[in-house]
Structures are given as C-alpha cells and as structure tokens.
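>>> Provide a 3D model corresponding to the input given below.
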Amino acid sequence: MKWDEFFVTGEPMIYGAMVSIVLVSIAIVVGLTYFKKWGYLWREWLTTVDHKRIGIMYIIAALIMLFRGGVDGLLMRGQLAMPENGLLDGQHYNEIFTTHGVIMILFMAMPFVIGLMNVVIPLQIGARDVAFPRLNAVSFWLFFAGAMLFNISFVIGGSPDAGWTAYFPLASIEFSPTVGNNYYAIALQISGIGTLMTGINFIATILKMRAPGMTLMKMPMFTWSVLITNVIIVFAFPVLTIALALMTFDRLFGSQFFTMANGGMDMLWANLFWVWGHPEVYIVILPAFGIYSEIISTFSRKNLYGYKSMVYSMVVISLLSFIVWAHHFYTMGHGVMVNGVFSITTMAIAVPTGVKIFNWLFTLRKGKIEFTTPMLYSLAFIPIFTIGGVTGVMLAMASADYQYHNTMFLVAHFHYVLIPGTVFAVIAGFYYWFPKLFGFRLNERQGKAAFWTIAISFNVTFMPLFFLGLKGMTRRMYTYSESTGFGPLNLIASIGAVGLAIGFIMLVYNIYWSFRYAPRDTTGDPWNARTLEWSTHSPIPEYNFAIVPEVHGLDPFWEAKKTGKSLFKGQYEEIHMPNNSGQPFVLGMIFLFFGFFMVFSWWIPTIIAGVGIVIMLAVRSFERDHGHHISVKEITKTEAKLRGEGV
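Take a look at the predicted model:
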C-alpha cells in the first residue's frame, strides 16, 4: 500500500483532525504524567469491574461520540445550506453521512443506554454487581475497541461511504474499492460481540439476582424495559454478526454472497441488515420508555398508571419489532401481498406505543408536577415523539411510501423518533441519576437553559425536512440548483443545527461547572424519588448495599419513607466483591489491533493478534479469581463516613 493511500490526504479538515488528535493525545499524556495519575487511571478505571465505573465510562464514550457525530451533522447541514460553496465534495459527503448514522446509533445512543443500564439496574434490583462482572468489563472494552477502530478510518485509509445501511452492491469491493467498508464490517463486528455479551449478562442479572421479595411484577419499569431490550439484543445481534461475517468474506476473500451475479443476492444483505436493524431501533427506544416512566412517576408524585399494561405493551412491541423489517422494501419489487402484510404489522406497532403515551398522560393527570430538568425532557418527549409516530404511520402505508421513500421526509421522521425517543431520554436519565454517582445535582438553571435551547433548535432543524421531502428532495443529496427551491428550508434547518450544537455545549459546560461549584449537600434523595436505588448512599459505595434489602412493593423506597419501615433487616456481614482485572482491557486492545490488521489484509500480524486473543481466553479459563472480602469493620467505617457521622 502506498503512503498516500494509508493516510487520508488532500482535505484541510483531515489535516486539522490529524493535528488535533496528536495535540489532544500529547496533552493527555503530559497531564497524566504531571499529576502522577497513571497508577490511579490503571487501578481505578482501566482495570475496574465495578458496574458503576463501567457505566460512567460508557457514558463518557457516548458523549465523545455525540461530539464526533454532531460535527458530521453540522458539516452536512453546512454543505446543504450553501451547496455552491463546496464545503464537501460528493465523496466526502458520502463518508460524512455514513459515519454520522453509524456513530449516532451504534456508538452514541447504544453506549449511553448501556451506561445508564450498568449504573442503575443492579441498584434497582438490590444487587451488589451484575451477574458476570469481568464479562461486563470485556463488553465495554470490545465496544470501545470497535468505536476506536471505526473512528480511525477518518484519517487512516478512509471512512466507509456506502451509507449507514451499507447496501450492496454499493458496499462491494467493486464499487467501494477502498478499505472504508472493511472498517465498517470489522468495527461493527467487534462492537456487536460486546453488545451481545451485555445482553446475556443483564438477562442473567435481572432474572437471578433480584433482592428478596422482588418478583417480576414488582420490578421497576426501567428494569422491565432493560430486560425486554436485552432479550431483543440476544435474538437480533447474531443476525448482524452473520451479515457482517458474510460482508467481510465478500470484501476480503472474494466470496459472492451479496453480488449481482454468480448466485449472489444483494437483497440478502438488505434483509439481514433490517432483520437486525429494526429491532435495533427498539433496543434504544425501550430503555428510554423505562427512563421516562421512572421520571414522570417521580415528578408527578404518583404511582405509574397502568403498570401491567406498560409491561405487556413492551412485550408486544418487542415481538412486533421482528416482523416489520420489509417495510424498508416497499418500492423494491415485493408483491402487493407482502407489502400489505408488512404495512399492517408496521401500523400495529403504533398501538402498544400509543398505550404507553396514554399511560404517561394519565400518570400526569391530577399529579403534583414538578418541572425539573429531567421532567422537562420527559414532557417534551411526548408531543415531539407523537409527531414522529404519526409520520411513521404515514410511511407505513405501502402505496403512499412511493412518494415518501428515500426523501428528506423519512430523514425527518426517524430523527423525530430517535432524538426525543432516545437522546432526550438518556439526557433526562443522566440528570436524574447523576446524584447517585457523584453526590450532587447538576445545576438546574443551566440544565433548563440547555433544555430549551435543544428542544427549540431540534424542531427548527428537522421540521423543515418534512416539507423538503414532500417537495421531492431526496436523502443523500449533497448539492442542488437554485431552481429546486430547496435553499430557504435547508438554511433554516442548518441554523437549527447550530442551535442544537450550542445546546449540547451548554450541557457539557453544566457538567464541568457542577463538578467545580455545585454544593455537595444532596447525599440523601435529591428528587424525593421512589425506587430502590435511592435507598443507598450518594455517591454509592463499592458494595452498593451494606445489607441486602427486602422488597415488598412496587415503589419500595417511597413506601419505606411513608411507613417508616426499614428496607434493611439484619446486621452487617462480611461482603465478597470481585477483584479488578487488566485482562478485559488488554483483550480489547488486542481486538483493536486484530481488527486494524484485518482491515488492510495484513495477514501475518492478524494471525499473531488472533493467537493473542486465544491465549488471553485460555489463560482466563485456568484462573481462579476468589475476589476480595470487605470486613464488617470496614463496612461500618464506610457507612458512618457516608452518613457524615463520626467513627
């Protein structure tokens, strides 16, 4: 390979990215060395198996990817606002919208959801950790390796350019001869393996590690949503694994699974992708529904209305999510019968979703509503998501979809579903559970200012896209002439995108400001919350609960406060906790190099890295990690310190 093919050249933005990466890397190394934090970083974070710290690392990674994906979005909007300026050429635009979609869905929304899942679920069910703590760490480092491998493509080799769906034959070696789509296939494979491990881990955790007395129908709604989500993960992600494996064989070894000739079938990829892809939408939406259920109930000062119907509707959504995938192919040659069946199933999924909307509205009815930052995001979600749902029903009609298909109307629809349905939710959950991790609340005034900036800018950005789609502007279009009349609406949308960027910068600044100046006086229950996780200290000790709680109701913490009865019975006993381990981190880094070598078909280093992976797994199989014990004396001392008492 030539040097100029290895490093992407010719674009000022690429050079700027290279310089910024080098400068940031140097700054991090110098900072860690100057403050002597290398040992702390290794002991407390890189080797941790604590579900709370792993959750925080997922959230930090998601915020970084939000920045990266957001920059891609701003570049697209800049190009479409003034296409005559040529900010991006056609090839670069293809790469930008491809990476934007992949990063926002798989490397931003997914890790943010999984991060909150890691932090909250063991606390909500009264467990001291997840079922398999070390596997949890492996899951994170595989996700991280996949995310880093995908992002390396921006400066080394070139980004994937066939869209986030990577449809064949466009993604084939014939039409995409660079290594960009190799990055796509291998990075998503590595990250997807980590996600599948997460699914197995949390199903086992929720089914086998609940506190005494917590039956399935006494679990918090967020826990229910996570259980159903992880069942979807276990059934859906193996399909993606197989599809990406076949894609890798086509691109690296010359097989012809998805070719237009020699027995291949390009539509096979599209079917496999969407058999995974549409359940994936609900993988990021269902936990959001659980988050909104917790927040709306708390800040309405009411029990969640229709608990059982909420559970049943999520089960129905999970089942229907697997039988709607062909609505992506209405215009691709299916017969009337197939289109009709998938049109019905697609519209049917709106029914259980509508049930949940009405449940939240009835929870709000006659409630004593408190307009906190998490509640504002939850309230804004309902009308905005409803617009997304209604336009989804429009798209579900097969005959009408001939007008909407592949237009900006579709782009507006899925942003109206995914941003209020997932991004608003994870931000709300981040604000809501932040005190449990750090012992203080984020600044409410700044939080509300960021909320209004984001909510208003979102509608300014994406509402014009509905009208652009109806006027005939197709997605993936990077330029247009003045005669089309697309210019004014695109300019409005681009102004809104700048507002969104400002809103997210305000959110990040709030985190920085709060760490420096927020009062540390909310170590109890800052929100007057309801569920079990709030019964432990803020910040949470390593062992979560000094005494395993006993649960006898749906809102155990709320009921304990009202009745004065303690959730914790018995005396302190020695607690066993797993030891930290460097193996998950090392395994993730080996996977990163393994994937990088595969992208460029460097087979000798690939084999060496593969052998390294096998050796790491073999060594682990012979290990006996007995963990460590926390004595009663240490527990007593820690609990007294967390309560602010003398020891």
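>>> From now on I want contacts and neighbour counts done on CA atoms only, so please keep to that.
Fine.
>>> nearest spatial neighbour of H415, skipping sequence neighbours?
F462 (7.3 Å; Cα to Cα, 6 or more residues apart in numbering).
>>> Give me the pLDDT for the one you found.
Per-residue pLDDT puts F462 at 96.
>>> Please identify the buried residues of the host helix or strand of it?
In this structure, F462 is located in helix 444-470 according to DSSP states H and E. For helix 444-470, a neighbour-count test (16 or more other Cα atoms under 10 Å) marks 446-448, 450-455, 457-469 as buried.
>>> so what secondary structure elements neighbour that helix?
In terms of contacts (3 or more Cα pairs under 8 Å, 6 or more residues apart in numbering; DSSP states H and E), helix 444-470 is packed against helix 373-396, helix 398-404, helix 408-418, helix 487-517.
>>> Do I have it right that S159 meets N181?
Yes - with contact defined as Cα atoms under 8 Å, S159 counts as touching N181 (7.3 Å).
>>> before we move on, the earlier item: now the helices and strands packed on helix 444-470 as TSV including mean pLDDT and distance to M104?
Output for those, formatted as TSV (pLDDT from 0 to 100; distance: least, Cα to Cα, whole Å):
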stretch	mean pLDDT	distance to M104
helix 373-396	94	18
helix 398-404	89	23
helix 408-418	95	10
helix 487-517	95	14
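>>> Check the gap between H405 and V351 for me.
The spacing between H405 and V351, counted by Cα to Cα, to the nearest Å, is 23 Å.
>>> who has more neighbours, the two?
H405 (20 against 14; other Cα atoms under 10 Å).
>>> can you pull the contacts of the more buried one?
T331, L395 (Cα atoms under 8 Å, 6 or more residues apart in numbering).
>>> Need phi/psi at it.
Dihedral pair for H405: phi -60, psi 130, per degrees, to the nearest 10.
>>> quick one: the helix ranked longest in the chain to chain centroid distance?
Counting by DSSP state H, the longest helix found in the chain is helix 266-300. The chain centre lies 10 Å from the centre of helix 266-300; the measure is Cα atoms, centre = their mean, to the nearest Å.
>>> likewise stretch 324-333?
That offset, for stretch 324-333, works out to 26 Å (Cα atoms, centre = their mean).
>>> oh, and call the first residue 407 from now on, that's how I've got it
With 407 as the first residue, the last one maps to stretch 730-739.
>>> quick check: mean pLDDT across it?
Mean predicted lDDT for stretch 730-739 stands at 89.
>>> How about stretch 1043-1053?
Stretch 1043-1053 carries an average pLDDT of 74.
>>> Number of residues surrounding K708?
Counted with other Cα under 10 Å, K708 comes out at 17.
>>> Equivalent analysis for the one 10 residues further on, please.
Per other Cα under 10 Å, the neighbour tally for Y718 reads 13.
>>> Tell me the spacing between it and S631.
11 Å.
>>> try W919
Taking Cα to Cα, one finds W919 at 32 Å from S631.
>>> swap in T453?
29 Å.
>>> Leaving out the residues flanking it, which one is nearest to A903?
Using Cα to Cα, 6+ apart, the closest residue to A903 is T867 (5.5 Å).
>>> Repeat that for E776.
E776 sits nearest to F705 (Cα to Cα, 6+ apart), 5.3 Å away.
>>> what about the one you found, how many neighbours?
Neighbours of F705 using other Cα under 10 Å come to 21.
>>> do you know how far it is from F1000?
48 Å.
>>> Make sure P693 is actually in contact with M627.
No - at 9.1 Å, P693 does not count as touching M627 under the criterion of Cα under 8 Å.
>>> Those two: which has the busier surroundings?
Between P693 and M627, P693 has the larger neighbour count (other Cα under 10 Å), namely 29 against 25.
>>> The residue lying closest to the more buried one once chain neighbours are set aside - how many residues pack around it?
Among residues not flanking P693 along the chain, S631 sits closest, at 5.1 Å (Cα to Cα, 6+ apart). Close neighbours of S631, defined as other Cα under 10 Å, add up to 23.
>>> For E417, give me the pLDDT.
Reported pLDDT for E417: 66.
>>> Repeat that for M488.
89.
>>> now it: how far from F659?
Relative to F659, and taking Cα to Cα, M488 is found at 42 Å.
>>> And those two? Which one has more around it.
Taking other Cα under 10 Å, M488 and F659 do not tie; M488 has more neighbours (17 against 10).
>>> In contact with the more buried one, which residues?
G893, L897.
>>> before we move on, what about D567?
If you count contacts by Cα under 8 Å, 6+ apart, then D567 has Q497, N500, E501, I502, T504, T505, A577, S582, G586, N587 around it.
>>> Mind checking which of those are buried?
So, by 16+ other Cα under 10 Å, the buried ones in these are N500, E501, I502, T504, T505, A577, S582, G586, N587.
>>> Ignoring the adjacent residues along the chain, who's closest to the residue nearest to the spatial centre of the chain?
Nearest to the geometric centre of the chain sits M516, at 1.8 Å (Cα atoms, centre = their mean). Once flanking residues are discounted, M516 sits nearest to V690: 6.3 Å by Cα to Cα, 6+ apart.
>>> is it true that that neighbour touches A515?
Yes - V690 is within contact range of A515, at 6.6 Å (criterion: Cα under 8 Å).
>>> shared neighbours of these two, which are they?
What both V690 and A515 touch, as defined by Cα under 8 Å, 6+ apart, is the set T828.
>>> elements contacting the helix or strand where L613 lies?
Element membership of L613 [criterion: DSSP H and E] is helix 586-614. Helices and strands touching helix 586-614, by 3+ Cα pairs under 8 Å, 6+ apart, are helix 539-558, helix 627-659, helix 989-1005.
>>> when you compare where it runs with where helix 989-1005 runs, what's the angle?
With axes from the mean of the first three to the mean of the last three Cα atoms, to 10 degrees as the basis, helix 586-614 and helix 989-1005 are set at 150 degrees to each other.
>>> what's around D656, how many residues?
18.
>>> contacting residues around it?
D656 neighbours (Cα under 8 Å, 6+ apart): S578, I579, Q662, F663, F664.
>>> Under the pLDDT cut-off, which ranges of this protein? List them.
Scanning the chain with the threshold set as pLDDT under 70 gives 407-417, 419-421, 423, 927-930, 1051-1053.
>>> SS state for the residue lying closest to G461 once chain neighbours are set aside?
Spatial nearest neighbour of G461, chain neighbours left out: G521 (3.9 Å); criterion: Cα to Cα, 6+ apart. Here G521 is recorded as helix under DSSP: H, G, I helix; E, B strand; the rest coil.
>>> hang on, G521 packs against L469?
No - using Cα under 8 Å, G521 is not in contact with L469, being 11.0 Å away.
>>> More neighbours: which of these two?
G521 (26 against 19).
>>> What residues does that one make contact with?
G521 is in contact with I460, G461, I462, M463, Y464, I465, counting by Cα under 8 Å, 6+ apart.
>>> Out of those residues, flag the one nearest to I763.
Nearest to I763 among the contacts of G521 is I465, at 27.1 Å by Cα to Cα.
>>> show me the contacts for that closest one.
Taking Cα under 8 Å, 6+ apart as the test, what I465 contacts is P517, F518, G521, L522.
>>> change it to 6 Å
Contacts for I465 (Cα atoms under 6 Å, 6 or more residues apart in numbering) come out as F518, G521.
>>> how close does it get to L522?
Plainly put, I465 is 7 Å away from L522 if you go by Cα to Cα.
>>> try P947
Distance from P947 to L522, by Cα to Cα: 17 Å.
>>> Next: L801.
In terms of Cα to Cα, L801 sits 32 Å off from L522.
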